[in-house]
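In: Just a sequence and a predicted model for now, questions to come.
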Amino acid sequence: MAEILIPKLAPQATAATTAPAGAPFIEIEDVSLFYGASKALKNISLKLEEKVVTAFIGPSGCGKSTLLRCLNRMNDLIDNVRIDGAIKIGGHDIYASDVDVIELRKRVGMVFQKSNPFPKSIYENVAYGLRLHGVKAKSDLDGRIEECLRASALWDEVKDRLHSSALGLSGGQQQRLCIARAIAIKPEVILMDEPASALDPIATARIEDLILDLKKEFTIVIVTHNMQQAARISDQTAFFYIGELVEFGPTTKIFTNPSQKRTEDYVSGRFG
Amino acid sequence: MENHFETGIENLRQKLLVMASHTEKSVNDAVQALTQRDHALALRVKADDDMIDQCEVEIDELAIQLLTKAPLATNLRLVTVAMKISQDLERIGDEASKIAKRARDLAQEPPIKLNLDLPRMAGIALQMLKAALDAFVNRDPAAARVVIPRDKEVDAFNKQIHATLVQHMVENPDAISRCLHWMVAAKSLERIADHATNIAEDVVYLCEAQDIRHTGFKNQPSPAAS
Amino acid sequence: MNTVTPGQYLPETAGDTTRITRSFRAERFDFWSFFFSGLTGLATLFILGILATILLNIIVNGWSAISWHFVSTIPKKDFFDANTTGVLPMIVGTAFRVIVMTIFVIPVGVITAIYLTEYAANTSIITRIIRAAVNNLAGVPSIVFGLFGLGFFINFVGKNLDKLLHNTDAVWGQPALIWASLTLAVMTLPVVIVATEESLKAIPPGLREASLALGATKLETILKIVLPQALPGIMTGGILAVSRAAGEVAPILFTGVAYYMASLPGHLSDQFMDLGYHIFVLSTQSPNIEQTRPILYATVLTLLMLTFALNIVAILIRARVRKKLRALG
């Protein structure tokens, strides 16, 4: 009689599938931000891991975009802004007096809510950042541009019209172009401010898949008001409310069993 | 302005409570029919089982509908737990039906001359079911945790009754068919206690987001803060 | 119960339910809408009519005196004789002064506008002073500019330049093409500044943010992204400045125009003749008005055609720039 082989059960997965524990890469230490006299960010402390997608969620006006823009010092462009506390990326304080903002922004890239391709050709859009930072030879540019457009899942759609205007692309394509433009200069961190909020569901889904691919190489911080999106693509989630950090933890925990009642209420849709 | 989603969640909870009370009643009636040899009651239990089955279908339908709205946190746990509890309740209803069937058969024959501890076993099983359902209604995980170790008592009773019946069957072969009815009824009660345990574990998960199934922590008290 | 006024609604078929449908025709004639759209049409016709009248008057009266000889001859001192007169020096003078003005006004105007839009803090006192100055400059009468040109450019800058260069005769300290052009540049500066500012403001801030987020400096962003986008607007400012300056006479009265020059202006320190000024001369100094009238009209027509030609060239260039911006980068 043949022996009946009972397959060995796979070992049970440990508690929650969270992000691998890595060294903190972005350290936000007791950061407060003032617009004039009004305190928009209140003593935020947060440690974000490397090569992980972190989502900032919270109702409108809670400070999540403001904090995001501190990470590449885009808030410097606004008059009357003061920042207390320290933000360290890779161990270096980015607000130190000897920091070159240009160099910082080369290593911390940003994708905006409304896609903003330059009114140039697709090729020139991606080449812009490369040229800024010294890449001039055509062969180098060509290769890098193709790499980035492939990484942004845009190559097949535009390879035959690289020199046509970027403004002729659809909204979703434009946003992927902006992502390609941002990764062209090989940043370490990519900041995304509601990158898919102006897109239809199919374009949004493609951007989300792209983000999941990108996280193998880049540390990504994404601000989103769409909780399902945060649940789908992020490994860690931070919930903000009126300028304060209410809760921070693995995404699965925040969305299945948050510790704070305010988080529970927001995530269950009782306000916001 | 009405929060329609919250209304849907509350609706689900209510349906579950309705199903729970039907089920509790069925088990009570079945045990009573068995111990009091009440043929009419036994027949009513079988009829009521259809209602319990219908409840399960409605609850599952509503749960799927709510899932399309992507509930999160406690709502998510409630929806998934509701589907599980409704399944356990439906099985309990089936077991009650089986007990009722055996009660009907036994009522038509003369009683056996044996003192079985079955009423006490039934009592514990009923208590476990009630406690688990109360824990769900009152959102009380501590009360749910208390239910779980009692399953061992019911198992012990089942073993004991089984042994007693086997002994009786050996000594009185003409009582074999009646003894087999009693064995099946005892087995059903043991199954009911198992399902009640499942419900209790589900309640703990719902309230504390802790999955205590198949672990050795059934006797641990609930964690400190939540 | 049917509470509807009979006849106002058209009930559909009889049956259990009468569905009320109403046609979409207007209930009454909207007088005021019609009146105002008619009024705007009339105003347009009125303006076009005036323009047509002026142009036709000039063309009809001046066409007879226009000829290739007329526009290519340097006249003798007596330019009231229709047979021997010509306006070549006036054409050259007008064109030169406009071109030199453009060379100065565009860079200064654009840089000022860039400072005001991109660099200056909107609330600072300096910004407010600059803006007030620009606005007031636009309201200064042109003759005042002429006097300013005389007093500042000629008597101050020019005289000191002569001293510096050890010129024995006054070379720079007298009316010259350069000073007239600079005076015109100062006069048309507000136009260029405002047009440039408007086109800079029209560029969405998202583009600047995108550039800065990639690690560009503010200057790089302005040079590579903002200015190329603003170019059509800047050119509009230039066109407006040219149109205004070509016809102005008062600013050049003391700063460079001459009653008569025997040769064409060849050097920035030369004086020059001018079409607008020549029109004034012809209409006030003529011994025989009947004889001079056709020359006068012809000169006017020449001035109009010159301005028109300068505008057309600028508009064509701007259209090409716009097309290039739209098609590719």
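Out: Arrived safely, thanks for sending.
In: hang on, residue A:53 packs against residue A:237?
Out: No - checked against CB atoms under 8 Å, the pair residue A:53 and residue A:237 is beyond contact range at 9.5 Å. Backbone N, C-alpha and C define where each C-beta goes, glycine included.
In: Stretch A:224-243 vs chain B: in contact?
Out: Yes - interface with chain B: stretch A:224-243 contributes A:227, A:228, A:231 (CB under 8 Å from any CB of the partner chain).
In: Can you measure across that stretch, start residue to end residue?
Out: 16 Å (CA to CA, to the nearest Å).
In: I'd like the distance between residue C:160 and residue C:108.
Out: 21 Å (CB to CB, to the nearest Å).
In: do residue B:70 as well
Out: 60 Å.
In: what's residue A:193 sitting at in phi/psi?
Out: In terms of degrees, to the nearest 10, the main-chain angles of residue A:193 are phi -100, psi 100.
In: count of residues packed around it?
Out: 20 (other CB atoms under 10 Å in any protein chain shown).
In: With the one 4 residues further on instead?
Out: Using other CB under 10 Å, residue A:197 has 14 neighbouring residues.
In: is it fair to say it lies in a helix?
Out: No - Residue A:197 is assigned coil when assessed by DSSP: H, G, I helix; E, B strand; the rest coil, not a helix.
In: pretty sure it contacts residue A:225?
Out: Yes - with contact defined as CB under 8 Å, residue A:197 reaches residue A:225; the gap is 7.0 Å.
In: Identify the residues contacting the nearest residue in space to residue B:56 that is not next to it in sequence.
Out: Spatially, and ignoring its direct neighbours in sequence, residue B:56 is nearest to residue B:90 (4.2 Å; CB to CB, 6 or more residues apart in numbering or on different chains). Residues in contact with residue B:90 (CB atoms under 8 Å, 6 or more residues apart in numbering or on different chains) are B:52, B:53, B:55, B:56.
In: Now do the helix or strand hosting residue B:90: distance to the chain's middle.
Out: Using DSSP states H and E, residue B:90 sits in helix B:73-107. The chain centre lies 6 Å from the centre of helix B:73-107; the measure is CA atoms, centre = their mean, to the nearest Å.
In: Let me see the mean pLDDT of that helix.
Out: Model confidence over helix B:73-107, given as mean pLDDT, is 95.
In: circling back: please narrow the contacts of residue B:90 to those residing in helices.
Out: Members of the contacts of residue B:90 lying in helices (criterion: DSSP state H): B:52, B:53, B:55, B:56.
In: ok, those residues vs residue B:10, which is closest?
Out: Nearest to residue B:10, judged by CB to CB, of the ones in helices among the contacts of residue B:90 is residue B:55 at 16.4 Å.
In: Which residues are in contact with residue C:296?
Out: C:62, C:279, C:282, C:283, C:286.
In: I'd like the residues you listed written out as a markdown table, with neighbour count and distance to residue B:206 added.
Out: Shown next, in a markdown table, are the contacts of residue C:296 (neighbours: other CB atoms under 10 Å in any protein chain shown; distance: CB to CB, whole Å):
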| residue | neighbour count | distance to residue B:206 |
| --- | --- | --- |
| C:62 | 21 | 97 |
| C:279 | 20 | 95 |
| C:282 | 21 | 101 |
| C:283 | 14 | 100 |
| C:286 | 16 | 106 |
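In: The residues you listed also near chain A: which ones?
Out: Among the contacts of residue C:296, chain A is touched by none when using CB under 8 Å from any CB.
In: Show me the residues you listed that map onto helices.
Out: Reading helices off these with DSSP H, I get C:62, C:279, C:282, C:283.
In: Contacts only, for residue B:193.
Out: By CB under 8 Å, 6+ apart, residue B:193 lies in contact with B:124, B:125, B:128, B:129, B:150, B:151, B:154, B:155.
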